[in-house]
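**Student:** what would the 3D arrangement of this be:
(one chain, ligands or ions: 3)
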Amino acid sequence: MEIRLGGPDIAAVETDAVVLLETEGQRRPDLAAPLAALYDSGEITGKTLELTLVHGVAGFKARRVLVAGLGKPERKNPALLRKVAAAAARLLKSKGVKNAVFALDSAMSADVEAVAIGLATGGWEPDRLRTEKENTQAIDSFTIAAPGEFAAARERGVAIGEALNLSRDIAVQPPNLLTPMSMARQAREMAEKAGLAFEVLDRDRMKQLGMGALLGVAQGSAEPPALIVMQYMPEFVQPGTAHLALIGKGVTFDSGGISIKPSDGMEKMKYDMAAGAAVIGAMQAIARLKPSIPVLGLVPAVENMPGGKAQRPSDIVTSLSGKTIEVLNTDAEGRLILADAITYAKHLGCTHLVDAATLTGAIVVALGVTSSGVFTNDDALLGQWMDAAKQSGEKMWHMPLDDEYREQLKTVYADIQNIGGRWGGACTAAMFLKEFVGDTPWVHVDVAGTAWIDDAKPYLAKGPTGVPLGTFVHLAMNWK
Ligand code: BES
Ligand code: ZN
Ligand code: ZN
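**Tutor:** Residues are numbered from 1 along each chain as shown. Ligands and ions are numbered 1, 2, ... in the order given. Sure thing, here's the model as predicted:
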């Protein structure tokens, strides 16, 4: 779909549909008379995400007018605009609309960016493998009509929106099709098109380097592992400048391994690479938007299976860092692969690390499916991350990482064990990662509750959400 910018004279545009925003308790002057009956009967109230589609509205050349509710005027913000735009695009797509205009009477750059993201992503459906789709329609073009100069905002929104679609297209694939190697191939395709340096470390290379923690997880599967490496370099890099790493958990299926999961709900573990898919998407947007900081994208991709060669509870592996790990539960595999990816990012010279992972069920117990949990060893980087999250509209909550949690990871047999007992599971998982991060500024984001949704919303299909892709991109773009 193409997303353009257009002038504010909406009434005169010949198009399939024009989307007009309405706030609660008001009547737009241009609709008050032609749609008086709908307002009077309470069918148009302006409530958040209310959508009213009307044909042949007097005063408009457009075939249809879609009145989209924004809620209370003081609640207008980019995150809400993005949802309303996505819901509008979703509805218009289902009606077979080809060309449409989205009208913003007044707007700031962040609003236009948000609307562009919403329009670009609203029509995404998890139906790529259905031969009989519910809806095969697609919108060809959307024009955002807004007074002002918004070319950069449009470009940012489209880049982030298309990156979200890519990331969701990757994350939605089932594990028989999205193996670690196939994930690597899809990342390579993106990197070649986007002009990013690209490399995949295979099992032999990992052995040479000594990535015992990652290899231990991979050894129970017939599918070989892949460490996906994507590198963005700005044209001019000042000596001594920061170098950011974005690291995403890429477990293409998490059966639990020998510590096997209950079969009920195990199918959800096809999403255990959603954070890795978010890194691949973010790298595409970063390549287009060209921030001033170099960014390394790393995705350790493996399948966690209980094959005959699988690691056992009580195995002790030697990680790339040299530290030994006692694997007491093979289902705590995300932290093992991330440990080696984090060490590798440091070896490559990264000065700031951000990892995202569907890491623990405990974070879902703590925060539900609304906010991602954020852990850090560096308040400055945390501040940058939270600012970026505010811009992206992805909700984040700062979680504790006190030294005391380290006690729960003590074992006499190795330097550290990979589980921390019953309490504070998300915190001990983060503490495990910190062991490999050391003093490098780092933020860890547990997206186990936010990386996918089980039930569709008017503005979001069921399946992977793309979180925290938007925050990744804003973090890189904000870097001074
Ligand atoms: N991939 C899971 C975490 C997860 C759980 C993601 C629910 C999404 C929804 C992770 O690898 C895992 O299995 N974690 C275990 C850790 C435990 C064994 C210490 C968990 O959370 O139960
Ligand atoms: Zn697991
Ligand atoms: Zn997992």
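
**Student:** which parts of the protein sit against ligand 2?
**Tutor:** Counting by C-beta under 5 Å from the ion, the chain comes close to ligand 2 at D254, D331, E333. C-beta: built from backbone N, CA, C; applies to glycine.

**Student:** and the strand or helix carrying A429, what's its mean pLDDT?
**Tutor:** Per DSSP states H and E, A429 falls inside helix 425-437. Rounded to a whole number, the mean pLDDT of helix 425-437 is 98.

**Student:** that one and ligand 3, are they touching?
**Tutor:** No. Looking at helix 425-437 against ligand 3 by C-beta under 5 Å from the ion, there are no contacts, and the closest approach is 10.3 Å.

**Student:** show me what that helix is packed up against.
**Tutor:** Helix 425-437 is packed against helix 334-347, helix 361-367, strand 372-376, strand 442-446, with contacts defined by 3 or more C-beta pairs under 8 Å, 6 or more residues apart in numbering; DSSP states H and E.

**Student:** report the contact partners of P291.
**Tutor:** Contacts of P291 were listed using C-beta atoms under 8 Å, 6 or more residues apart in numbering, and they are Y232, P234, A476, M477, W479.

**Student:** distance-wise, check the fourth one relative to I117.
**Tutor:** Taking C-beta to C-beta, to the nearest Å as the criterion, M477 is separated from I117 by 14 Å.

**Student:** ligand 3 contacts on the chain?
**Tutor:** Looking at ligand 3, the residues of the chain close enough under C-beta under 5 Å from the ion are V251, D254, D272, G334.

**Student:** the third one contacts T358, doesn't it?
**Tutor:** Yes. With contacts defined as C-beta atoms under 8 Å, D272 counts as touching T358 at a distance of 5.3 Å.

**Student:** so what sits against both of these two?
**Tutor:** The overlap between the contact sets of D272 and T358 (C-beta under 8 Å, 6+ apart) consists of K249, V251, G334.

**Student:** mind listing what the residue in the stretch 101-250 of the chain that ligand 1 sits nearest to touches?
**Tutor:** Nearest residue of the stretch 101-250 of the chain to ligand 1 (C-beta to the nearest ligand atom) works out as K249 at 7.9 Å. K249 makes contact with 272-273, 275-276, 299-300, 334, 337-338, 355-359, according to C-beta under 8 Å, 6+ apart.

**Student:** at 7 Å instead, please
**Tutor:** With contacts taken as C-beta atoms under 7 Å, 6 or more residues apart in numbering, K249 has the following neighbours: D272, M273, A275, G276, G334, I337, L338, A357, T358, L359.

**Student:** for the helices and strands packed on helix 425-437, which one sits closest to L460?
**Tutor:** If you check each of these against L460 by C-beta to C-beta, strand 372-376 wins as the nearest, at 15.7 Å.

**Student:** would you mark the buried spots in the helix or strand following that closest one?
**Tutor:** Taking DSSP H and E as the definition, the helix or strand that follows strand 372-376 towards the C-terminus is helix 379-392. Within helix 379-392, the residues scored as buried using 16 or more other C-beta atoms under 10 Å are L381, L382, Q384, W385, M386, A388, A389, K390, Q391, S392.

**Student:** among the contacts of P291, name the ones in strands.
**Tutor:** For those, membership in strands holds for Y232, with DSSP state E as the criterion.

**Student:** just give me the neighbour total for the closest residue to K207 other than its chain neighbours.
**Tutor:** Once its chain neighbours are removed from consideration, K207 has its nearest residue in L215; the separation is 6.6 Å (C-beta to C-beta, 6 or more residues apart in numbering). For L215, the neighbour count with other C-beta atoms under 10 Å is 23.

**Student:** can I get the helix or strand where L215 lies as CSV, trimmed to CA atoms?
**Tutor:** In this structure, L215 is located in helix 212-218 according to DSSP H and E. Backbone C-alpha positions of helix 212-218 (Å, rounded to 0.1, in the frame of the first residue of the first chain) are rendered in CSV as follows:
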residue,chain,number,x,y,z
GLY,A,212,28.7,-23.6,24.6
ALA,A,213,25.5,-22.2,26.1
LEU,A,214,23.9,-21.6,22.7
LEU,A,215,25.1,-24.9,21.4
GLY,A,216,23.8,-26.7,24.4
VAL,A,217,20.2,-25.6,23.7
ALA,A,218,20.5,-26.4,20.0
